[in-house]
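Participant: model the following, please.
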Amino acid sequence: MAAFLFRMSDIMKNALNIVILAAGKGTRMRSDQPKVMHHLAGRPLLRHVLNAARAQDPDKIFVVYGHGGEAVPQAFSDSKDIRWIVQAQQRGTGHAVQQAAPHLDDGGVTLILYGDVPLIAAETLGKLLGTVQNETLGLLTVDLPDPAGYGRVVRDAQGHVQAIVEHKDASDAERGIREVNTGIMALPTARLKSWLKALRNDNAQGEYYLTDIIAMAVRDGLRVSTNKPRHHWEVLGVNSASQLAHLERLYQHEMAMSLLEQGVRLLDPKRTDVRGELICGRDVTIDVNCVFEGRVVLGDNVTVGANCILRDVRVSAGTRIAPFSLIEEAQIGENGRIGPFARIRPGTDLAEGVHIGNFVELKNTRVDCGSKINHLSYVGDTTVGKNVNIGAGTITCNYDGAYKHRTVIEDDAFIGSDTQLVAPVTVGRGATIGAGATITRDTPAGQLTLSRAKQVSVPGWKRPSKEK
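Facilitator: Residues are numbered from 1 along each chain as shown. Coordinates of the predicted model:
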């Protein structure tokens, strides 16, 4: 497949322009959000299309936007390679490309894509571009069992493409055609510009159809070369919440099949969601209802229990994550034990052999080798040394209402249950903190530190009772 991901300018010695149409209102989405900003697999629809476009190594990428105003460009402010073109009025696909036409380099090729067709594969686009020459236009088509609503590909007796007829303008015979236009095409830029000037809107919709240039190309003697995607769902668009949900499941199925082929054990492939990039070593096991967001790396022999969420996490070999754990922007060392019901927040770095148990929350904390925080504790903005044992109910009081302060717990310390460590504070190496203590000053190494009121028993005291 990689052989098709060539740079068109290297073949034709001219520029490759990519125009992505992203101005649609998406009325059937019933949302105030621009359609291309709705998420599939944790990313905006437009982001998926941009990834496929960039794989072609284009000279310029143009995105034509309209509905939602500046919300779309603002959401992609980190993408410096995009040139934004506004379509103030939505008057059809041909009109949208007309807005970009003055900015296209005359030499070379222009590839037309759609911001609401998120599953288009880079390999498919590479094949399509490979068919384009000065006298050849590349068109992506697909055969559908139910082509209703799509423009039909009309061919002559010899099988040559003659035109694209939109569904509303098609005759009964033309509506019987199952080969449909996807709208994705690649064509010589200079020719495209001349055809765009000739577009008319005398059709049922009163719009300027980009597909009308197919008939113009045939009239001018160009050959229309058609390609089909490997999977028909690559060219499915999103016009409603139900269609978006359908594409989400298609995408997740493909991700699950890919993981299974790599040897990952998914206990139920239908109940695993990858919303980003998931990289797995050997003998990884993932239980049901797990969600992976951002970039997640799981080392060899890692086990992830049911109902876990991992976001931008690296988990080293041999670690077991028990069910219902949430881990975000963290590093987990080898042979660790996490959860169940653990929350590991951003900035946390766990070394080898660390145990983080049920209902423990960590934030911006470094825990060194062999240390354990097994029960019902909050440890934030803390440096924990080696072989430290932190008892149940321990809290690092790191926030004074204005600033965060750091707690340091040195190697071999033992923190008794129900302890509050009021930062900034240091617990010395090998120190023991008695249960129920409130520690506000540094504690010496190797000593027991207590903070308790004297225990008193009151003789003869009786518990109050209600009068009969």
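Participant: all strands of the stretch 51-200 of the chain, in order?
Facilitator: Ranges of strands within the stretch 51-200 of the chain are 60-65, 82-86, 109-114, 136-143, 152-155, 161-165, 179-188, based on DSSP state E, counting those that start in this stretch.
Participant: tell me what the fifth one is packed against?
Facilitator: Applying 3 or more Cβ pairs under 8 Å, 6 or more residues apart in numbering; DSSP states H and E, we find strand 152-155 packed against strand 161-165, helix 172-175, strand 179-188. Every residue, glycine included, has its C-beta placed from N, CA and C.
Participant: quick one: which of those is nearest Lys454?
Facilitator: strand 179-188 (80.4 Å; Cβ to Cβ).
Participant: what's the mean pLDDT across the closest one?
Facilitator: Mean pLDDT, strand 179-188: 95.
Participant: okay, now the closest residue to Leu137 other than its chain neighbours: neighbour count?
Facilitator: Excluding the flanking residues, the one nearest Leu137 by Cβ to Cβ, 6 or more residues apart in numbering is Leu187, at 4.4 Å. Using other Cβ atoms under 10 Å, Leu187 has 22 neighbouring residues.
Participant: contacting residues for Leu187?
Facilitator: 109-110, 132, 137-138, 213, 217 (Cβ atoms under 8 Å, 6 or more residues apart in numbering).
Participant: pull out the buried members of the residues you listed.
Facilitator: For the contacts of Leu187, a neighbour count by 16 or more other Cβ atoms under 10 Å gives the buried set as 109-110, 132, 137-138, 213, 217.
Participant: which of those lies closest to Val49?
Facilitator: Thr110 (15.4 Å).
Participant: list the contacts for the closest one?
Facilitator: 16-19, 104, 186-189, 192.
Participant: ok, 10 Å please
Facilitator: 15-19, 58, 60, 62, 97, 100-101, 104, 132, 185-193 (Cβ atoms under 10 Å, 6 or more residues apart in numbering).
Participant: ok, back up a step: who does the residue nearest to Leu137 form a beta bridge with?
Facilitator: Thr110 (DSSP bridges).
Participant: state the distance from it to Leu16.
Facilitator: 12 Å (Cβ to Cβ, to the nearest Å).
Participant: what number of residues lie near the closest residue to Ala170 other than its chain neighbours?
Facilitator: Nearest non-adjacent residue to Ala170, counting by Cβ to Cβ, 6+ apart: Arg152, 5.6 Å away. By other Cβ under 10 Å, 25 other residues sit near Arg152.
Participant: ok, then the element right after the helix or strand containing Ile373?
Facilitator: Secondary structure from DSSP states H and E places Ile373 in strand 372-375. Helices and strands here follow DSSP H and E; after strand 372-375, the next one along the chain is strand 378-380.
Participant: off-centre distance for the next helix or strand along the chain from that following strand?
Facilitator: Using DSSP H and E, the next helix or strand after strand 378-380 towards the C-terminus is strand 382-384. Relative to its chain's centre, strand 382-384 lies at 32 Å (Cα atoms, centre = their mean, to the nearest Å).
Participant: same check, this time on stretch 413-421
Facilitator: 40 Å.
Participant: over to stretch 167-175?
Facilitator: The answer for stretch 167-175 is 39 Å, by Cα atoms, centre = their mean.
Participant: residues of it that come out buried?
Facilitator: Taking 16+ other Cβ under 10 Å as the criterion, stretch 167-175 shows 170, 174 as buried.
Participant: quick one: mean pLDDT over that stretch.
Facilitator: On average, stretch 167-175 scores 91.
Participant: next helix or strand past the top helix by length along the chain?
Facilitator: As assigned by DSSP state H, the longest helix anywhere in the chain is helix 241-261. Note on helix 241-261: by DSSP H and E, the next helix or strand toward the C-terminus is strand 265-266.
Participant: same for the helix or strand just after that following strand, what does it pack against?
Facilitator: Sequence-wise, the next helix or strand downstream of strand 265-266 (DSSP H and E) is strand 272-280. Judged by 3 or more Cβ pairs under 10 Å, 6 or more residues apart in numbering; DSSP states H and E, strand 272-280 is in contact with helix 241-261, strand 285-286, strand 290-298, strand 309-315.
Participant: of all those, which one comes closest to Ala392?
Facilitator: strand 309-315 (24.4 Å).
Participant: next helix or strand past that closest one?
Facilitator: strand 320-321.
Participant: neighbouring strands of the helix or strand following that next one in the sheet, and parallel or not?
Facilitator: Using DSSP H and E, the helix or strand that follows strand 320-321 towards the C-terminus is strand 326-332. The strands beside strand 326-332 in its sheet (DSSP bridges) come out as strand 309-315 (parallel), strand 343-344 (parallel), strand 349-350 (parallel).
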